[in-house]
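# Below: sequence and its predicted model.
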Amino acid sequence: MTCKNHFLLTAALVAGAIICPGARAGQSVPTAASSRPDGWSDKSYYLSMRDGVRLAVSLYFPGGVPPEKPAPVMLIQTRYGRAGEADFGSAWRRAGYVVAIVDTRGSTASFGTRRVDIGPEEQRDMDEIIAHLAHQPWSNGQVIASGVSYMADTADLATSRPAPALLAAIPRQTDFDTYLHLFSPGGVSNDWMLRNWGNAVREMDMGRDPEGGAADCLKQVADCARLFPTLQPVDGDESFDLLRQALATRGPHWGPEDYDGIAFRDEPGRNSHTLFDSSPAAQLAAIRRERKPVQYWGSWLDAGMAEAALARYRSAPEVPAEVWITANNHGQSVGADPFFPGERTPIPAATDIFASNIAFADHVRAGARVERAIHYYVMGAKEFRTTAAWPPADTKPATLYFAPGRSLASRIPGQRGDDRYSVDFTATTGKATRWSTQFGTPPAYPDRREQDARLLTYDSNPMDIDTELVGTPVVTLHMAARTSDPAVFVYLEDVAPDGRSTYLGEGQFRAIHRKPADPATLPYDQGPAPHSFRRADALAVTPGARMTLRFALFPTAALIRRGHRLRVAIAGADADTFHAYSNGGPDIFTISYGAGAPSGLEITTRPWKPS
């Protein structure tokens, strides 16, 4: 739920770059006397909700005027400013859809408070918004919800609502579980995301420049225009009086400090709201009840978005679902396949993605059946595969066990041993990663050899044949730590014959969460090696005492060429993104292997068969 677009203004999504919430370069901003700039809606007004809170609504008509023949509606609910989503809607307008964009309550130009994002009242607003749009004279009564990031979360949550006019949703890059898939993967706090995104959106909602500039709509009316496209007044409010009234009555707003120190999925912040409460997964029962078809997009290189898509698919088996997983950035506008670091063209292209979105919507509107399927990109191959199950049914499981010489063996070694690792708290995956893309910087993983030299690594034998690694890897660590609160970071990599190490995926895990969970007690199907992340299930760590950590990495799909090796690299920190644990350090990990302590990596593979 981040630029979310997670603050990416989606005007920037197609271009693949962040655009300042102020004026776009070379573009005029609206004043009472100026012409309307690109992104300004054809019609805009306030819509009153059941409690009197007024939401800003913008309409974009095919051809710029209400259609003579009633048309379907594509709905975007945003917290980044309506005009910032206009580019996202342009393909839909060309396809004959009316695009309706709403500033959600308590954000940008809408009235209301915002103590949480996507809270209960915001979710209830969806019923009234959808019904309103379905009953307009230019509407044929059919509504499709879509959007990227936060807008994808709202589209996904709309499918849980009792809103008959909503036929389907196309969530692109969504957090099915906001706790595990973005802010606390493996129970490890993503401080970088929470701090940067949380502060930026608070500034936006208060009518200030989220990038730290001096613009403040409440202090100076002239600044309101400078904050376009984040702030767009409704028609008739050219003086910004209503918009400034909405800002003046905002009330208390949540911030990153509300979630400082949050360790557990069921732990509320200072705003009495858990991170999980904003998740579509929290409404799984209603999603399954409504059974609204979805075309659901993720990426192997975008936070936990691929696992979010797969978790949703697993957890709602009766819902018609078409899943697409790429290796692109958060906006699906920049290619990020780490095997081709110099190639930035997305696969599929942005135009093809929109064409697929619209074709899916038209398919549902025609009453056609949606077959459940997962379409996924294979990194290193530039090809897509299709499966009905994850992992694909014809894959074979295997375990690679840690062995002497920091190797990975196909059998548990008879020799028992320990490897010691002094945690390097400056180790990092960099500033252009699966996590940075949530805030605008596309993933760009370089050769990992330099970082691997600072980590504890284990290498397999070379592959005998070209092999598709496809599934959700699981790591088991029999280990001890010097401190009482360690976090472990595990990276899966491809090592070429020339020594280049290519990032395939990762998983992080805070040791206090290591108690295995009964899947039946969890809010949704978390896949292999699940944990509850509840406070009641936390286990203390005794310094120096051996414990077992078994947890899943994020899912992945990659072509491992003949002669290449797999590498497991273990760290205790990712300095540019995550909170530093181990009580602030220093720390020493002792990883045990062999008989009685079979540390290793579980994978699923199959021989590679080119299309």
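That came through fine. Here the structure is a predicted model, which is why all the values come from computation and not from measurement.

# would you list every one of the helices in the stretch 1-150 of the chain?
Taking DSSP state H, counting those that start in this stretch to define them, one finds helices in the stretch 1-150 of the chain at 86-94, 120-134, 150-158.

# Out of those, flag the one nearest Thr274.
Closest to Thr274 of those, according to CB to CB: helix 120-134, at 12.6 Å. In short, each C-beta sits where N, CA and C put it, glycine included.

# C-alpha coordinates for that closest one, PDB please?
The C-alpha coordinates for helix 120-134 follow below in PDB (Å, rounded to 0.1, in the frame of the first residue of the first chain):
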ATOM      1  CA  PRO A 120     -12.800   0.400   7.900                       C
ATOM      2  CA  GLU A 121     -14.600   3.600   6.900                       C
ATOM      3  CA  GLU A 122     -12.500   3.900   3.700                       C
ATOM      4  CA  GLN A 123     -13.500   0.400   2.900                       C
ATOM      5  CA  ARG A 124     -17.200   1.100   3.500                       C
ATOM      6  CA  ASP A 125     -16.900   4.100   1.200                       C
ATOM      7  CA  MET A 126     -16.300   1.700  -1.700                       C
ATOM      8  CA  ASP A 127     -19.900   0.500  -1.600                       C
ATOM      9  CA  GLU A 128     -21.300   4.000  -2.100                       C
ATOM     10  CA  ILE A 129     -18.700   5.000  -4.700                       C
ATOM     11  CA  ILE A 130     -19.400   2.000  -6.800                       C
ATOM     12  CA  ALA A 131     -23.200   2.300  -6.500                       C
ATOM     13  CA  HIS A 132     -22.900   6.000  -7.400                       C
ATOM     14  CA  LEU A 133     -20.900   5.400 -10.500                       C
ATOM     15  CA  ALA A 134     -23.100   2.600 -11.700                       C
END
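
# thinking again about what came up before, of all the helices of the stretch 1-150 of the chain, which one is nearest Gly106?
Counting by CB to CB, Gly106 lies closest to helix 120-134 out of those; the figure is 7.7 Å.

# mind giving me a markdown table with the helices of the stretch 1-150 of the chain and columns for mean pLDDT?
Output for the helices of the stretch 1-150 of the chain, formatted as a markdown table (pLDDT from 0 to 100):
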| stretch | mean pLDDT |
| --- | --- |
| helix 86-94 | 97 |
| helix 120-134 | 98 |
| helix 150-158 | 98 |
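
# so which of the ones you listed is the most packed in?
Mean neighbour counts were taken over these using mean count of other CB atoms under 10 Å, and the top value, a mean of 29, falls to helix 150-158.

# ok so, going back, mind putting the helices of the stretch 1-150 of the chain in CSV, distance to Ala496 included?
Rendered in CSV, the data for those read as follows (distance: least, CB to CB, whole Å):
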stretch, distance to Ala496
helix 86-94, 38
helix 120-134, 48
helix 150-158, 35
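
# Ok, which of these comes nearest Ser356?
helix 86-94 (10.7 Å).

# Find out how far the closest one is from the centre of the chain, if you would.
Using CA atoms, centre = their mean, to the nearest Å, we find the averaged C-alpha position of helix 86-94 to lie 22 Å away from the chain's own average C-alpha position.

# As CSV, could you dump the C-alpha coordinates of that helix?
What follows is helix 86-94 as a C-alpha-only set of coordinates in CSV (Å, rounded to 0.1, in the frame of the first residue of the first chain):
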residue,chain,number,x,y,z
ALA,A,86,-4.8,10.3,-15.3
ASP,A,87,-2.1,8.7,-17.4
PHE,A,88,-2.9,5.3,-16.0
GLY,A,89,-6.5,5.7,-17.2
SER,A,90,-5.7,7.0,-20.7
ALA,A,91,-5.6,3.5,-22.3
TRP,A,92,-9.0,2.7,-20.7
ARG,A,93,-10.5,5.9,-22.1
ARG,A,94,-9.3,5.0,-25.6
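
# which residues touch that helix?
Residues lying outside helix 86-94 but in contact with it, judged by CB atoms under 8 Å, 6 or more residues apart in numbering, are 10-11, 13-14, 38-41, 58, 60-62, 74, 76, 97, 99, 101, 146-148, 151, 229, 351, 354-355, 357-358.

# Which ones among these lie within strands?
Secondary-structure check on those using DSSP state E: residues within strands are Ser58, Tyr60, Met74, Ile76, Val99, Ile101, Ser146, Gly147, Val148.

# in the sheet, who's paired with the first one?
Applying DSSP bridges to Ser58 yields these beta-bridge partners: Ser44, Ile101.

# go on, the fourth one?
The bridge-partner assignment for Ile76, based on DSSP bridges, gives Ile101.

# Please tell me how far it sits from Gly600.
Noted for Ile76: a distance of 45 Å to Gly600, by CB to CB, to the nearest Å.

# Could you do the last one as well?
In this view, Val148 and Gly600 are 37 Å apart by CB to CB.

# Which one's more surrounded, those two?
Here Val148 and Gly600 are compared on neighbour count by other CB atoms under 10 Å; more neighbours surround Val148, at 30 against 23.

# wait, the more buried one sits on Gly331?
Yes. With contacts counted by CB atoms under 8 Å, Val148 reaches Gly331, the gap being 6.1 Å.

# And the closest residue in space to Phe509 that isn't next to it in sequence, its phi and psi?
Nearest non-adjacent residue to Phe509, counting by CB to CB, 6 or more residues apart in numbering: Gly186, 3.9 Å away. Backbone geometry at Gly186, expressed as degrees, to the nearest 10, gives phi 60, psi 20.

# How about the nearest residue to Ala393 once chain neighbours are set aside: which residues does it bridge to?
Setting aside the residues directly before and after it, Ala393 is nearest to Thr387 in space (CB to CB, 6+ apart), at 7.3 Å. According to DSSP bridges, the partner residues bridging Thr387 are Ile374.

# Adjust the sequence numbering to begin at 22 for everything that follows.
Sure, I'll start counting at 22 from here, so that last one is Thr408.

# So Thr408 versus Arg627, what's the distance?
Separation of Thr408 from Arg627 (CB to CB) stands at 11 Å.

# Over to Asp506?
Taken as CB to CB, the span from Asp506 to Arg627 is 39 Å.

# next one: Arg427
Using CB to CB, Arg427 is found at 27 Å from Arg627.

# Pass me the low-pLDDT residue ranges in the stretch 522-632 of the chain, would you?
Across the stretch 522-632 of the chain, no stretch falls below the confidence threshold (pLDDT under 70).

# What segments of it are strands?
Along the stretch 522-632 of the chain, counting by DSSP state E, counting those that start in this stretch, strands occupy 522-531, 568-573, 577-581, 586-592, 609-614, 621-628.

# Looks like Ala616 contacts Arg437 (just checking).
Yes. In this structure Ala616 lies within contact range of Arg437 using CB under 8 Å: 5.4 Å.

# Many thanks, have a good one.
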